[in-house]
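Enquirer: have a look at this prediction, sequence included:
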There are 2 protein chains.
Amino acid sequence: MTFNKELVVRLLRYKNALLKLKNLGVLKVFSDNIADTAGVTASQVRKDFSLLKIAGNKRGGYQIKELLEDITDIVGPTSGESIIVVGCGNIGRALINYKGFHSETFEMIAGFDISPETVSGSLTCPVYGMDKLEEFLLGKNIKVAIISVPDNVAAEVYDKLVKLGVKGFLNFARVNLREIDGVFVNNVNLELSIENLFYYINFMEKGTSI
Amino acid sequence: MTFNKELVVRLLRYKNALLKLKNLGVLKVFSDNIADTAGVTASQVRKDFSLLKIAGNKRGGYQIKELLEDITDIVGPTSGESIIVVGCGNIGRALINYKGFHSETFEMIAGFDISPETVSGSLTCPVYGMDKLEEFLLGKNIKVAIISVPDNVAAEVYDKLVKLGVKGFLNFARVNLREIDGVFVNNVNLELSIENLFYYINFMEKGTSI
């Protein structure tokens, strides 16, 4: 099977749908449940599962736990994946110490900053200067980096990391970093997230009078 | 017009689509451009714009800048909206000092923590004890709060804030807070965001051999 970006997008939707259903206490699902939650057709779900050789009794439904394990086996992160943070301001330092990034699956191994000597506070991994980035990444196969540098240097840092082989980015700078071939960017725009909440609320309050 | 959640969801998609196109340097758009970027039909876009009395010359296209202003006029946040953070650990403290939350639109006015006396570092707003929350919110019409408390108390804090009239939430705890009627929750799951990046990357690398 050749690489198919649509399939992996759907697979992620299935995974996230399954996690949502699991959070509701659901143990067993049918392709219709996954389809409804993920926003695709049930026949597409069955087709994808068949293509990926995900077993399960179609009529009897699938166990959510087993499905999630199957999906993780296919494309999930293996344990002990290393991640780095570039830009150790307020957000960067908080992410370095974030518990979820010191787990069996992920390990935050280093921070980088233009002025590492000024990065204060008790941190759970070392912080190096930006000039050490290339040397550090060499031969380490680090796939994912978090960008939390000032907005005006985010694109430059992104280009540099892509050239050094990093494939996945969580971006906290307030600029949209554009995905290029084979590179994935998750732009976390905190202001936009808050703004969207106000849109919902205001609309709801005004809704009856528009 | 009665309240219609689907319409506001589409409006947000239009807004985000317009921002993406604007970032690409586009100045003028047609309903087809918005439709393609937002994932709806062009006739739906035109119908919604007509319903909301958004002008623009259908044949000659719309100016992105004007469209964004129109949408903001309808449901956007007014200036000087106050927001608060509940839970002042690493993430909470970083969010208090986050520049985007001290703008013309938003102002981070207070943090709350179970042990405010132990919250260290130079912060751009005061931090109060959790026991001061109710008194503080009384009569202030604060619509949006950020939850960055430990996972095991997130649901309890959420319930409390909803009871005190908060309508919108940005949630950093690693539990899905479920939306109830008239309340909007944006769950920011940092671990899941990173995990999804690994899924993409691994799939791309394995893609040809599955």
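Expert: All right, it came through fine. Residues are numbered from 1 along each chain as shown, chains lettered A, B, ... in the order given.

Enquirer: got the domain boundaries for chain A?
Expert: With automatic domain parsing as the criterion, the domains of chain A are listed as A:5-73, A:81-192.

Enquirer: turn those into JSON lines, including mean pLDDT, distance to chain B and mean neighbour count.
Expert: Every C-beta, even on glycine, is put in place using the N, C-alpha and C of the backbone. Below are the domains of chain A laid out as JSON lines (pLDDT from 0 to 100; distance: least, C-beta to the nearest C-beta, whole Å; neighbours: other C-beta atoms under 10 Å in any protein chain shown):
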{"stretch": "domain A:5-73", "mean pLDDT": "83", "distance to chain B": "4", "mean neighbour count": "16"}
{"stretch": "domain A:81-192", "mean pLDDT": "92", "distance to chain B": "3", "mean neighbour count": "18"}
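
Enquirer: dump these to CSV, plus distance to residue B:88.
Expert: Converted to CSV, the domains of chain A look like this (distance: least, C-beta to C-beta, whole Å):
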stretch, distance to residue B:88
domain A:5-73, 27
domain A:81-192, 11
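
Enquirer: could you say which one of those domains comes nearest to residue B:97?
Expert: Nearest to residue B:97 among the domains of chain A is domain A:81-192 (4.7 Å), distances taken as C-beta to C-beta.

Enquirer: in contact with residue A:62, which residues?
Expert: If a contact means C-beta atoms under 8 Å, 6 or more residues apart in numbering or on different chains, then residue A:62 has A:28-31, A:34, A:56 as its contacts.

Enquirer: closest one to residue B:108 among the domains of chain A?
Expert: Among the domains of chain A, the nearest to residue B:108 by C-beta to C-beta is domain A:81-192 (11.2 Å).

Enquirer: does residue A:175 count as helix, strand or coil?
Expert: Three-state assignment for residue A:175 (DSSP: H, G, I helix; E, B strand; the rest coil): coil.

Enquirer: residues contacting it?
Expert: Going by C-beta under 8 Å, 6+ apart, residue A:175 touches A:151, A:154-155.

Enquirer: in chain A, which spans are helices?
Expert: Using DSSP state H, the helices of chain A run over A:5-23, A:31-38, A:42-51, A:64-75, A:90-97, A:133-137, A:151-163, A:190-206.

Enquirer: in TSV: these, plus distance to residue B:110.
Expert: Listed next are the helices of chain A as TSV, based on distance: least, C-beta to C-beta, whole Å:
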stretch	distance to residue B:110
helix A:5-23	30
helix A:31-38	37
helix A:42-51	46
helix A:64-75	39
helix A:90-97	17
helix A:133-137	38
helix A:151-163	26
helix A:190-206	15
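
Enquirer: quick one: closest of the ones you listed to residue A:125.
Expert: Residue A:125 lies closest, by C-beta to C-beta, to one member of the helices of chain A: helix A:90-97, at 5.8 Å.

Enquirer: and the angle for that closest one with helix A:190-206?
Expert: 100 degrees (axes from the mean of the first three to the mean of the last three C-alpha atoms, to 10 degrees).

Enquirer: what packs against helix A:90-97?
Expert: Packing contacts for helix A:90-97, counted by 3 or more C-beta pairs under 8 Å, 6 or more residues apart in numbering or on different chains; DSSP states H and E, involve strand A:81-86, strand A:106-113, helix B:90-97.

Enquirer: same thing but at 10 Å, please
Expert: Using 3 or more C-beta pairs under 10 Å, 6 or more residues apart in numbering or on different chains; DSSP states H and E, the elements in contact with helix A:90-97 are strand A:81-86, strand A:106-113, strand A:127-129, strand A:144-147, helix B:90-97.

Enquirer: TSV for the contacts of residue A:175, including distance to residue B:64?
Expert: Formatted as TSV, the contacts of residue A:175 follow (distance: C-beta to C-beta, whole Å):
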residue	distance to residue B:64
A:151	21
A:154	22
A:155	21
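
Enquirer: which one of those residues is nearest to residue B:134?
Expert: Each of the contacts of residue A:175 was scored against residue B:134 by C-beta to C-beta, and residue A:151 proved nearest at 37.0 Å.

Enquirer: could you measure the closest one against residue A:161, distance?
Expert: Distance of residue A:151 to residue A:161, computed by C-beta to C-beta, to the nearest Å: 16 Å.

Enquirer: with residue A:45 instead?
Expert: 35 Å.

Enquirer: returning to what we had before: could the helices and strands packed on helix A:90-97 go into JSON lines alongside distance to residue A:183?
Expert: JSON lines is the format used below for the helices and strands packed on helix A:90-97 (distance: least, C-beta to C-beta, whole Å):
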{"stretch": "strand A:81-86", "distance to residue A:183": "15"}
{"stretch": "strand A:106-113", "distance to residue A:183": "19"}
{"stretch": "strand A:127-129", "distance to residue A:183": "23"}
{"stretch": "strand A:144-147", "distance to residue A:183": "11"}
{"stretch": "helix B:90-97", "distance to residue A:183": "26"}
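
Enquirer: what's near enough to touch residue A:117?
Expert: Counting by C-beta atoms under 10 Å, 6 or more residues apart in numbering or on different chains, residue A:117 touches A:127, A:129.
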